[in-house]
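Trainee: heads up, no residue letters with this:
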Ligand code: MTE
Ligand code: MO
């Protein structure tokens, strides 16, 4: 069993698949803390968790000349240490809602394949610049990452990002060895992972072992034949992965974590407290979350609970809260949330126009319904 050496997991995680391990935290715990505790952080593994000896571990960088350079963890720790608070969200978050509209292929994530942590490490920019890599080199357009986890053919998990994100002054791409002040847990990439803030989870390669500076994107399955968006009209017979662009920055997203869909409220309580999260990719901050208790006829602006975010470098989510009146009549309350980011991007009102065969990037308005009891 290639998964026999996988780490222990917290029993509260809601499991989507055991081998490989994929799980998300219960929504009611998500809104409990701005920083997600390590043991509750969602886990998205495509392959068995590699077991790595940190003493012999080396990160290899392959330059455009073909030359390579190896770094031990101690070598990396000689660079200036940075801590960045960043949320990670899987492109498949909220896929189960998308598949209710029309079936899609992929893990049936609920709406909490997203978490927020403080990541500590060194800047990829500092490491690359120390080796003389600059934005003026035309041979380098992409930075490819490879993990130590390998598929049955021996191919490692891989992804890539644009050199502009890796080297730009505001990219904040981190080679992280700590998560919330602790050593990186096995499920989250021990001993080293890349954190590409604002970018879809899939590019945040765990168990990072190799960085390749290249004129082309990663040729891995996950960069070329997965994690791409398509028109709702494209099906499995017509799909051509070469014709689409790999997902990088995440669009704006929000969801309701409390109360639970299908739960009960009592009319005598008069109000119900609604809580959730909101996040946008590309360094865009949430500026507003609108919440409706009547299916979208009227809206109330939620209070955001967040830490200050630097403009264009807003990497962390907001939690939010609002108190809605329980209507004087009717048996149900239909609660909806939608967010606005600082580019004034908004979430689409339904899945219809964004449906895609892989069920990616479902950021439509999040709906729940609660029963109103007398
Ligand atoms: N890196 C490696 N090496 N192997 C993986 O399977 N999964 C990716 C990314 N990095 C993955 C990986 C995906 S799709 C996501 S959403 C994030 O890791 C999840 O990170 P987490 O498990 O720390 O939440
Ligand atoms: Mo993902």
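Mentor: Sure, I can see it. Computed from a predicted model, the values in this text were never measured in an experiment. Ligands and ions are numbered 1, 2, ... in the order given.
Trainee: Ligand 2 contacts on the stretch 1-150 of the chain?
Mentor: 44, 90 (CB under 5 Å from the ion). From N, CA and C alone the C-beta is placed, and that goes for glycine too.
Trainee: okay, the closest residue to ligand 2 within the stretch 201-350 of the chain: pLDDT?
Mentor: Here the residue of the stretch 201-350 of the chain nearest ligand 2 is residue 201; by CB to the ion that distance is 3.9 Å. The score at residue 201 is 98. That number is its pLDDT.
Trainee: can I see the domain layout of the protein?
Mentor: Listed by automatic domain parsing, the domain ranges of the chain are 14-243, 253-373.
Trainee: Export those as a markdown table, with columns for mean neighbour count.
Mentor: What follows is the domains of the chain, written out as a markdown table (neighbours: other CB atoms under 10 Å):
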| stretch | mean neighbour count |
| --- | --- |
| domain 14-243 | 18 |
| domain 253-373 | 18 |
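Trainee: List the contacts of residue 169.
Mentor: When contacts are counted by CB atoms under 8 Å, 6 or more residues apart in numbering, residue 169 is found next to residue 125.
Trainee: thinking again about what came up before, tell me the phi and psi of the residue of the stretch 201-350 of the chain closest to ligand 2?
Mentor: Torsion angles at residue 201 (phi, psi; degrees, to the nearest 10) stand at phi -50, psi -40.
Trainee: roughly how far apart are the closest residue to it other than its chain neighbours and ligand 1?
Mentor: Distance criterion CB to CB, 6 or more residues apart in numbering; nearest residue to residue 201, sequence neighbours excluded, is residue 90 at 4.4 Å. Residue 90 sits 3 Å away from ligand 1, taking CB to the nearest ligand atom, to the nearest Å as the criterion.
Trainee: so what's residue 90 scoring on pLDDT?
Mentor: Here the pLDDT value assigned to residue 90 is 98.
Trainee: Same question for residue 57.
Mentor: Per-residue confidence at residue 57 stands at 98 (pLDDT).
Trainee: quick check, residue 65 in a strand?
Mentor: No: looking at residue 65 with DSSP: H, G, I helix; E, B strand; the rest coil, it is coil, so not inside a strand.
Trainee: what about it, distance to residue 131?
Mentor: Residue 65 sits 11 Å away from residue 131 when distances are taken as CB to CB, to the nearest Å.
Trainee: can you map out the helices along the stretch 151-300 of the chain?
Mentor: 163-167, 221-224 (DSSP state H, counting those that start in this stretch).
Trainee: Save those as CSV, and put in distance to ligand 1 and mean pLDDT too.
Mentor: Compiled in CSV, the helices of the stretch 151-300 of the chain are given as follows (distance: least, CB to the nearest ligand atom, whole Å; pLDDT from 0 to 100):
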stretch, distance to ligand 1, mean pLDDT
helix 163-167, 16, 98
helix 221-224, 7, 98
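Trainee: closest to residue 110 out of those helices?
Mentor: Closest of the helices of the stretch 151-300 of the chain to residue 110 is helix 221-224, at 21.9 Å (criterion: CB to CB).
Trainee: any bit of that closest one sitting next to ligand 2?
Mentor: No: looking at helix 221-224 against ligand 2 by CB under 5 Å from the ion, there are no contacts, and the closest approach is 8.8 Å.
Trainee: Just the residues contacting that helix, thanks.
Mentor: Outside helix 221-224, the residues within contact range by CB under 8 Å, 6+ apart are 46, 151, 155, 157-160, 202, 217-218, 241-242, 246.
Trainee: got TSV for the helices of the stretch 151-300 of the chain, with distance to residue 275 too?
Mentor: What follows is the helices of the stretch 151-300 of the chain, written out as TSV (distance: least, CB to CB, whole Å):
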stretch	distance to residue 275
helix 163-167	32
helix 221-224	33
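Trainee: Enumerate the residues of the stretch 1-150 of the chain near ligand 1.
Mentor: Among all residues of the stretch 1-150 of the chain, those adjacent to ligand 1 (criterion: CB under 6 Å from any ligand atom) are 41-47, 88, 90, 147, 149.
Trainee: Test my guess that residue 304 contacts residue 276.
Mentor: No: in terms of CB atoms under 8 Å, residue 304 does not count as a neighbour of residue 276; the distance is 10.7 Å.
Trainee: Name the residues contacting each of those two.
Mentor: With CB under 8 Å, 6+ apart as the test, residue 304 and residue 276 both reach 289, 319-320.
Trainee: Tell me the confidence at residue 138?
Mentor: The model reports residue 138 with a pLDDT of 87.
Trainee: Check the residue lying closest to it once chain neighbours are set aside and give its pLDDT.
Mentor: Beyond its immediate neighbours in the sequence, the residue positioned closest to residue 138 (CB to CB, 6+ apart) is residue 215, lying 7.9 Å away. Looking at residue 215, its pLDDT is 97.
Trainee: cool, residue 82 as well?
Mentor: On the pLDDT scale, residue 82 gets 98.
Trainee: Can you tell me the element it falls in?
Mentor: strand 81-89 (DSSP states H and E).
Trainee: And the host helix or strand of residue 372, what does it pack against?
Mentor: In this assignment (DSSP H and E), residue 372 forms part of strand 366-373. In terms of contact count using 3 or more CB pairs under 8 Å, 6 or more residues apart in numbering; DSSP states H and E, strand 366-373 is assigned the packing partners strand 253-258, strand 264-266, strand 332-341.
Trainee: Other residues contacting the second one?
Mentor: What that stands for is strand 264-266. Outside strand 264-266, the residues that reach it (CB under 8 Å, 6+ apart) are 259, 272, 326, 333, 370-374.
Trainee: Within the sheet, what are the partner strands of it, with directions?
Mentor: Take DSSP bridges as the rule and strand 264-266 pairs in its sheet with strand 366-373 (parallel).
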